[in-house]
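# please work out how this folds:
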Amino acid sequence: MLITKEIMLKGLSDNGGYSAKQLSCLGTHFNQNKGWKLRLIGKEVSNRKVREFLALKNAHINGETVIQKLQYEVKQLKEENSNLKKSVAILTKMVK
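Predicted structure coming up:
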């Protein structure tokens, strides 16, 4: 997955920054020189690393663990998947 400006904005904490753990997910270090964000945009990283980066948003502020955030994300994805399956079933009945 390509890192985009939108991904970077979604991962921005309520305090307007990123944690060292977040940035390590994207393959960079906490104390980078000027222009580090621009160098990240367009870089290819795994979908998993992007999910981890986003899951860590605000974790350094409110003490949530990555596991808690990822568990919540998994729950949301399961609900979305369930809704999608229901929609497919309804559409399938309509087509028959």
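# from now on I want contacts and neighbour counts done on CA atoms only, so please keep to that.
OK.
# so, low pLDDT: which residues of the chain?
Along the chain, segments meeting pLDDT under 70 span 30-32, 62-66, 68-69.
# can you give me the helices in it?
5-11, 20-25, 36-40, 47-55, 59-62, 66-95 (DSSP state H).
# would you work out how far apart the start and end of stretch 29-45 are?
15 Å (C-alpha to C-alpha, to the nearest Å).
# could you do stretch 22-33 as well?
17 Å.
# what does stretch 27-42 give?
13 Å.
# list the buried residues in that stretch.
28, 40 (16 or more other C-alpha atoms under 10 Å).
# again with stretch 72-81
Under 16+ other C-alpha under 10 Å, stretch 72-81 has no buried positions.
# centre of the chain versus it, how much separation?
Offset of stretch 72-81 from its chain centre (C-alpha atoms, centre = their mean, to the nearest Å): 13 Å.
# likewise for stretch 10-20?
Counting by C-alpha atoms, centre = their mean, stretch 10-20 comes out at 12 Å from the chain centroid.
# brilliant, that's me finished.
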